[in-house]
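S.K.: Dropping the sequence and predicted coords here.
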Amino acid sequence: MPSTTSDSTAAIIAGAREQGRTVLSEVEAKQLLAEAGIPVVEARLAATRDEAVGLAGEFGYPVALKIVSAQITHKSDIGGVKLNLGTADEVGAAFDAIIAAATSADASAKLDGVSVQRMAEPGVEVITGMTMDAQFGPVLMFGLGGVLVEVLKDVSFRVVPITERDATQMIHEIQGFPILEGHRGQEPADIPALQDLLVKLSSFVEAHPDVAELDLNPVFAYPSGAVAVDARIVLSAPDDA
């Protein structure tokens, strides 16, 4: 059964609609997913340099900063992402550099600030998400992340809603599954955690017909647990909602 929409989730979607946005910020996307029980690395918005430094201290170092602006979608390309920041001075300097780079890239862009999140421990990278098929509706995708998904196109698909059995099959179907089982002495990934993530993602998509596209990339799979590091949610166009 799809989960019910919380008041805060409805408010985020309504707020984006009122502003004429179809792309949620990473902070908004992660808040929606976290409320659905999907494990994500928390990201919070810092509108000022001091707020960024304060959040970094609250999260604990190292942290990552990313520009938050509806007009800037390719953050890395314009210098809008700074990773592995280990001190308050580095965070402050990174905030200034990101704002300057974003302003230089698009002087007319509305800059909300930066998102601040703690750097996640590396794990086996996987990717999952949802696209809208004209015939079948929402379709979930799963595969290995990083270069492998771009080069090998090693992914599996299922139409929403999915069962736990469907999630298991999706994970086992990819050619790279041996990497998740443990490759060359590496510990195996937590397959049940990935199964649970896929089932919860299916429920989230089913409960939110406003969502037209969703990407979690990368998701770090650990020997115990899994967590989405980056999240992107695109809402349907107003005429389609």
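M.R.: Received the coordinates, thanks. Numbering: from 1, shown residues only.
S.K.: Name the helix or strand of the protein that has the lowest mean pLDDT.
M.R.: helix 147-152 (a mean of 69; mean pLDDT, DSSP states H and E).
S.K.: which other helices and strands contact the helix or strand following that helix?
M.R.: Remark: after helix 147-152, the chain's next helix or strand is strand 155-159, criterion DSSP states H and E. Judged by 3 or more CB pairs under 8 Å, 6 or more residues apart in numbering; DSSP states H and E, the packing partners of strand 155-159 are strand 137-144, helix 164-173. Quick note: C-beta positions are derived from backbone N, CA and C, even for glycine.
S.K.: Please name every helix or strand in contact with the helix or strand Ala100 falls within.
M.R.: Assessed by DSSP H and E, Ala100 sits inside helix 88-105. Here helix 88-105 touches helix 49-59, strand 63-68, strand 81-85, strand 113-118, going by 3+ CB pairs under 8 Å, 6+ apart.
S.K.: Tabulate the ones you listed (a markdown table), appending distance to Glu28.
M.R.: Listed next are the helices and strands packed on helix 88-105 as a markdown table, based on distance: least, CB to CB, whole Å:
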| stretch | distance to Glu28 |
| --- | --- |
| helix 49-59 | 16 |
| strand 63-68 | 9 |
| strand 81-85 | 18 |
| strand 113-118 | 10 |
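S.K.: hmm, back to that, please work out which of the helices and strands packed on strand 155-159 is packed deepest.
M.R.: Per residue and on average, the most neighbours among these fall to strand 137-144, with a mean of 21 (mean count of other CB atoms under 10 Å).
S.K.: and that one, what's its mean pLDDT?
M.R.: Across strand 137-144, pLDDT averages out at 96.
S.K.: tilt between it and strand 155-159?
M.R.: Per axes from the mean of the first three to the mean of the last three CA atoms, to 10 degrees, the angle that strand 137-144 makes with strand 155-159 is 150 degrees.
S.K.: and strand 137-144, which strands flank it?
M.R.: strand 124-133 (antiparallel), strand 155-159 (antiparallel) (DSSP bridges).
S.K.: Any idea what Val23 is bridged to?
M.R.: According to DSSP bridges, beta-bridge pairing links Val23 with Val234.
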